[in-house]
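Enquirer: From the sequence below, what's the structure:
(one chain, ligands or ions: 2)
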Amino acid sequence: MTTFRWRPEARAGHARAGWLDTAHGSVPTPTFMPVGTAGTVKAMTMDSVRATGAGIVLGNTYHLMLRPGAERVRALGGLHRFMDWPGPILTDSGGFQVMSLGPLRKLDQDGVTFRSHIDGSRHRLTPERSTDIQHALDATITMCFDECPALPAAPDVIAKSMRMSMRWAERCRTAFIQRPGYAQYGIIQGGTEPELRAESVRALTGIGFEGYAIGGLAVGEGQELMFATLDATVPLIPDASPRYLMGVGTPDDLLGSVERGVDMFDCVMPTRAGRTARAYTERGTLNLRNARHATDSRPISPHCDCLACSRHSRAYLHHLFRANEILGPMLLTWHNLAYYQRLMRGMRAAIVDGAFAAHADHLRAQWAMDDW
Ligand SMILES: O=c1nc[nH]c2cc3[nH]c(NCCN4CCCCC4)nc3cc12
Ligand SMILES: [Zn+2]
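Expert: Residues are numbered from 1 along each chain as shown. Ligands and ions are numbered 1, 2, ... in the order given. Below is the predicted model of the structure:
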């Protein structure tokens with residue numbers, strides 16, 4: 001019987017390398033979760049997701065409750081069976097997606113009523129309903145139902161929103177069905193206000209969760225304010241608990257956040273960029289639609305073992321995107337996810353080897369050289 005827990009392996013300042021043990025296997029941290037919104041990592045098979053080195057993927061309550069429906073996924077054996085992903089799955093709780101996707105929504109102290117962006121049908125999410133849906137999906141890690149306020153916002157607006165999310169966290173914890181190897185994460189809110197962040201951490205650790213997410217960021221506040229908020233918040237989270245920064249981010253965001261003690265990440269950037277001809281490399285990004293790649297026989301990256309880099313040239317990817325061929329997004333999404341996984345593995349190895357500071361300098365120097 002597996003107990004859900006994060007095990008430390010090595011440290012470098014606030015940065016940590018460890019293992020996340022779950023009912024669906026153990027994952028090395030720090031870890032990047034490919035976004036599998038509607039039960040698929042867009043343009044990827046689950047075998048190719050595994051081949052990139054991913055250990056855990058993210059699904060979305062909002063999308064899956066609208067289509068195909070949580071009860072249907074439960075009847076078909078849960079999300080692991082449905083999408084044929086045997087590893088751990090974390091599901092976001094839906095509040096953020098309703099506020100950013102759902103047209104016509106009404107927020108009240110009890111939850112949110114909204115219309116589906118797919119067919120306009122009416123739906124309601126509450127802390128209990130979101131928790132029940134994530135149980136029906138058989139999510140390995142269930143996220144609390146919260147409100148992510150738009151930034152910038154006045155401190156009293158942030159405080160009111162955070163305190164409502166803390167009341168919702170209590171209701172989520174009550175509704176959560178505890179099972180060995182499964183987890184529920186509280187989501188820390190409080191905008192960019194250190195005192196409100198501290199109040200939120202106290203509220204959530206008072207309830208007690210298997211892990212803690214830093215929510216309410218990557219909503220336009222900018223990297224400097226995001227890092228300052230991490231500096232004020234992460235040290236207050238119990239050391240033995242896994243920390244997850246939601247919606248982040250660029251390679252530079254990931255490096256700075258790992259430096260500040262974050263263990264888990266998710267972001268649509270590598271997959272969305274893969275569909276829009278933007279390639280991530282050790283020296284920054286490339287727009288492969290650009291004519292300068294039309295005759296370039298080199299791989300996207302000489303350091304990459306993905307299908308695109310081992311078998312094809314930049315010229316071929318350029319052609320595929322110019323011709324609007326489906327293989328373009330497939331190959332480039334694979335490459336971008338492989339790059340993100342290689343970045344996480346490299347940071348982890350440097351922490352274990354006691355060389356993290358030097359590795360961070362090397363990464364930043366490389367990204368500054370966009371000369372290929
Ligand atoms: O506070 C949150 N609670 C629940 N889920 C969240 C998801 C989030 N995703 C983001 N940011 C996503 C940023 N991403 C960057 C690439 C383009 C699309 C948006 N902040 C979040 C905060 C939250
Ligand atoms: Zn590659």
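Enquirer: Please count neighbours and contacts with C-alpha atoms only from this point.
Expert: Fine.
Enquirer: Now do stretch 350-358: distance from first to last residue.
Expert: Chord length of stretch 350-358, first to last residue, is 8 Å (Cα to Cα, to the nearest Å).
Enquirer: Name the residues that touch that stretch?
Expert: 9-12, 15-17, 347, 359 (Cα atoms under 8 Å, 6 or more residues apart in numbering).
Enquirer: Name the residues of that stretch that are buried.
Expert: 350-352, 356 (16 or more other Cα atoms under 10 Å).
Enquirer: okay if I get those residues as JSON lines plus distance to ligand 1?
Expert: As requested, those are exported to JSON lines (distance: Cα to the nearest ligand atom, whole Å):
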{"residue": "A350", "distance to ligand 1": "26"}
{"residue": "I351", "distance to ligand 1": "26"}
{"residue": "V352", "distance to ligand 1": "29"}
{"residue": "F356", "distance to ligand 1": "26"}
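Enquirer: May I ask which two of these are separated the most?
Expert: Using Cα to Cα, the buried residues of stretch 350-358 span at most 8.2 Å, a distance reached by V352 and F356.
Enquirer: Next secondary structure element downstream of whichever strand or helix holds H335?
Expert: Using DSSP states H and E, the element containing H335 is helix 327-352. Later in the chain than helix 327-352, the nearest helix or strand by DSSP H and E is helix 356-368.
Enquirer: any idea of the angle that next one forms with helix 327-352?
Expert: 150 degrees (axes from the mean of the first three to the mean of the last three Cα atoms, to 10 degrees).
Enquirer: Are we agreed that R7 is in a helix?
Expert: No - using DSSP: H, G, I helix; E, B strand; the rest coil, the assignment for R7 is strand, not a helix.
Enquirer: That one and S26: what is the separation?
Expert: R7 is 10 Å from S26, where distance means Cα to Cα.
Enquirer: before we move on, back to that, touching ligand 2 at all, the helix holding H335?
Expert: Yes - part of helix 327-352 sits near ligand 2 under the criterion Cα under 5 Å from the ion, namely H335.
Enquirer: Report whether stretch 239-247 contacts ligand 1.
Expert: Yes - counting by Cα under 6 Å from any ligand atom, contacts between stretch 239-247 and ligand 1 involve 246-247.
Enquirer: same thing with stretch 120-139?
Expert: No - using Cα under 6 Å from any ligand atom, stretch 120-139 stays clear of ligand 1, coming no nearer than 11.7 Å.
Enquirer: what's the first-to-last distance across that stretch?
Expert: 26 Å.
Enquirer: Residues touching that stretch, excluding its own?
Expert: 61, 65, 70-71, 73-74, 78-80, 88-91, 93-95, 110-116, 142-146, 168-169, 171-172, 175-177, 182.
Enquirer: The stretch 51-200 of the chain: strands as residue ranges?
Expert: Assigned by DSSP state E, counting those that start in this stretch, the strands in the stretch 51-200 of the chain fall at 57-60, 89-92, 105-108, 111-115, 122-125, 141-143, 183-188.
Enquirer: isn't S313 right up against R298?
Expert: Yes - between S313 and R298 a contact is recorded at 5.2 Å, counting by Cα atoms under 8 Å.
Enquirer: what about the two, which has more around it?
Expert: S313 (20 against 14; other Cα atoms under 10 Å).
Enquirer: nearest spatial neighbour of that one, skipping sequence neighbours?
Expert: P299 (4.4 Å; Cα to Cα, 6 or more residues apart in numbering).
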